[in-house]
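J.: Just need the structure, nothing else, for what follows:
(2 chains)
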Amino acid sequence: MLIKTKSNILSSEITDRAVFESRREFIKAATIFSAGIMLPSLGHAEAGKYADVPVGPYSAKLPVTDREDVANYTNYYEFSSNKKDSTVLAKGLKTKPWSVEVAGEVEKPGVYNLEDILKDNPVQERIYRFRCVEAWSMVVPWIGFPLGDMLKRFKPTSKAKFVEFTTIYNPKVMIGQRSGGLDWPYVESLRIDEAMHPLTMMVTGMYGDELPNQNGAPLRLIVPWKYGFKSIKAIVKIRFIENMPETAWHKSAPNEYGFYANVNPEVSHPRWSQRRERVLGSSLFTPKRDTEKFNGYGAEVAALYSGMDLKKYF
Amino acid sequence: MLPGKKGWAAIKVIVFLLSLLPFLLLTNDAFNDQLGANPVEALHFGFGDWALRFLCIGLALSPSKTITGQNWPMRFRRMMGLYAFFYASLHLLVFIVLDLSLSWEAFKDEVPKSPYILMGLLTYSLLLSLAVTSTKRMQKRLGRSWIKLHKLVYVAGITALVHYFWLIKSDYTEPLIYAGVIAGLLAVRIVVYFRRAAKLFSL
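T.: As a prediction, the model looks like this:
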């Protein structure tokens, strides 16, 4: 069964082509400008590293959220549950050198340097919607590559039904990991077909630049049709497994955060509605936007869940 | 030495203006687009935080009279209570006007399914009943029942805390701080109550 989703993008929401194409020039200029006056706030990111990457498929021509809004409003409980504090504290994380352990049901397990991964997986830019389970959203030009392309290189076996991701555990720097709340380190997972879906991205940058630490540097997942907590940050381990694993938020409140966590306005969180979302950067008097099923990516991904009761498997 | 009548009047004006400061700072930030990526939330939470803070200050005045033996903290009880109500009103106003954009559809969808919003509305109705009966005239008219009615401020303190706890996803540090403060103030009251009861009993 194919679930049709209406895309409710107003014509006024669509960026003028000339404006869109001049964005790259603007980013370059803005990067040079900001590098001059606010170098400390850039953290470890290399200015303009990805200024000239090609635009990939599935990139939506939507008005992007201001970079400052995306970089200063982050949920990163490893540092703090306060969105401003986590932005500042995350600057302390050392992201170079970085390696990723690949384990489980694969023919080529091992520890891979991030640089080598990036050599094999050329990056591209994709503008995606991002919808948090807390009912706010943004539109971000991510830079990365399809997760599936990378996973195939490790040659998963027929037993690999799920892919599990783990965030770095470093309570010395990640002071939120010293106390409870969530079970550290953070673990997330996708079904293998979700992981292999061409929309699913491994991300290393945004806005033509390297990822700021608070946004998940140096390597994070982006699954645009799922709530943001699925898109795990600072990944150090990828494991291929046969059975559905336990994941961080699901473990902390299984009745509130499901394994699938597909964006769905029809299924409310037990404590709040998911029908609408606050768009970051919008003015005080802008009403919330109606949330779209699968965050507007229904045409691409609804088939993955055909026959499934999405109220039960939320 | 305690100040005289004129002195107290001047102090009251100063306290009044200081208590207005959070409102001025937040609205100033709103007008100058300094509230960050989610200005509605910043304003909404900002006013909510100050409502709870003034509620705590108001609750602290009577126990501080008990502890210090000084009567002057009681002079500020009404003002602090009304400021708690003022910030709670702004908190609710931001929710209705900016967050729900005055949409009845949004209200019908969001409010009934959200236990913490319902608890917030209950808290507000308690504060409202205290605010409208806060005048000297009402105090006289209600007599002894006024005292009973205004004990509801403790109930409002507790429902405000529940409202806060229920909206948290995982890190309870901040509401726990407020819970500690309110529990401490309530404990002083309870100790005083039982001491008085014990004295009466021994007579």
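J.: Quickly find the element holding the residue positioned nearest the centre of chain B.
T.: When C-alpha atoms, centre = their mean is applied to chain B, the residue found nearest the centroid is B:L55 (2.6 Å). Under the criterion of DSSP states H and E, B:L55 resides in helix B:39-68.
J.: got the buried residues for that helix?
T.: When burial is assessed from 16 or more other C-beta atoms under 10 Å in any protein chain shown, helix B:39-68 yields the following buried residues: B:39-44, B:46-64. Any C-beta I mention is one placed from the backbone N, CA and C, and that applies to glycine too.
J.: same deal with stretch B:194-203?
T.: Neighbour counts over stretch B:194-203 (16+ other C-beta under 10 Å) mark no residue as buried.
J.: repeat for stretch A:59-79
T.: Within stretch A:59-79, the residues scored as buried using 16+ other C-beta under 10 Å are A:60, A:62-65, A:67, A:69-79.
J.: Please enumerate the helices of the stretch 201-314 of chain A.
T.: Counting by DSSP state H, counting those that start in this stretch, the segments of the stretch 201-314 of chain A that form helices are A:248-252, A:298-301.
J.: Output these as a markdown table; include the columns mean pLDDT.
T.: Shown next, in a markdown table, are these (pLDDT from 0 to 100):
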| stretch | mean pLDDT |
| --- | --- |
| helix A:248-252 | 97 |
| helix A:298-301 | 98 |
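J.: closest one to chain B among the ones you listed?
T.: Comparing these by their distance to chain B (C-beta to the nearest C-beta), the top pick is helix A:248-252, with 5.9 Å.
J.: near chain B at all, stretch A:306-314?
T.: No - applying C-beta under 8 Å from any C-beta of the partner chain, one finds stretch A:306-314 separated from chain B by no less than 14.1 Å.
J.: And what about the closest residue to the residue nearest to the centre of chain B other than its chain neighbours, helix, strand or coil?
T.: In space, and not counting its chain neighbours, B:L55 is closest to B:A84: 4.2 Å by C-beta to C-beta, 6 or more residues apart in numbering or on different chains. Here B:A84 is recorded as helix under DSSP: H, G, I helix; E, B strand; the rest coil.
J.: how far away is the nearest residue to A:W249 once chain neighbours are set aside from A:Y227?
T.: Spatial nearest neighbour of A:W249, excluding adjacent residues (C-beta to C-beta, 6+ apart): A:Y257 at 3.8 Å. According to C-beta to C-beta, to the nearest Å, A:Y257 and A:Y227 sit 8 Å apart.
J.: Neighbour count: the two, which is higher?
T.: More crowded of A:Y257 and A:Y227, by other C-beta atoms under 10 Å in any protein chain shown: A:Y227, with 25 against 22.
J.: need the contact list for the more buried one.
T.: A:131-133, A:257, A:261-263 (C-beta atoms under 8 Å, 6 or more residues apart in numbering or on different chains).
J.: could you redo the last one with a cut-off of 10 Å?
T.: Contacts for A:Y227 (C-beta atoms under 10 Å, 6 or more residues apart in numbering or on different chains) come out as A:130-135, A:249, A:257-258, A:260-264, A:269, A:274, A:295, A:314.
J.: The residue nearest to the centre of chain B and chain A: what is the separation?
T.: 22 Å (C-beta to the nearest C-beta, to the nearest Å).
J.: can you list the residues of chain B near chain A?
T.: Proximity of chain B to chain A (C-beta under 10 Å from any C-beta of the partner chain) is limited to residues B:30-31, B:33, B:35-43, B:94, B:97-103, B:105-106, B:109-117, B:166-174.
J.: give me that answer again for 6 Å
T.: Counting by C-beta under 6 Å from any C-beta of the partner chain, chain B comes close to chain A at B:37-39, B:98, B:101, B:109-110, B:113-114, B:170-171.
J.: Out of those residues, who's the most crowded?
T.: In terms of neighbour count, B:A37 stands highest of these at 24 neighbours, by other C-beta under 10 Å.
J.: Give the burial count for A:L199, as a bare number.
T.: Neighbour count of A:L199, defined by other C-beta under 10 Å: 20.
J.: Show the contacting residues for it.
T.: A:58, A:224, A:300 (C-beta atoms under 6 Å, 6 or more residues apart in numbering or on different chains).
J.: ok but A:L182 is inside a strand, no?
T.: No - A:L182: not assigned to a strand; according to three-state DSSP it is coil.
J.: could the helices of the stretch 201-314 of chain A be laid out in CSV, adding mean neighbour count?
T.: Shown next, in CSV, are the helices of the stretch 201-314 of chain A (neighbours: other C-beta atoms under 10 Å in any protein chain shown):
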stretch, mean neighbour count
helix A:248-252, 19
helix A:298-301, 18
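J.: what would these look like in a markdown table with distance to B:Y154?
T.: Converted to a markdown table, the helices of the stretch 201-314 of chain A look like this (distance: least, C-beta to C-beta, whole Å):
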| stretch | distance to B:Y154 |
| --- | --- |
| helix A:248-252 | 32 |
| helix A:298-301 | 50 |
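J.: Could you find the closest non-adjacent residue to A:A71?
T.: Per C-beta to C-beta, 6+ apart, closest to A:A71 is A:P212, 5.1 Å.
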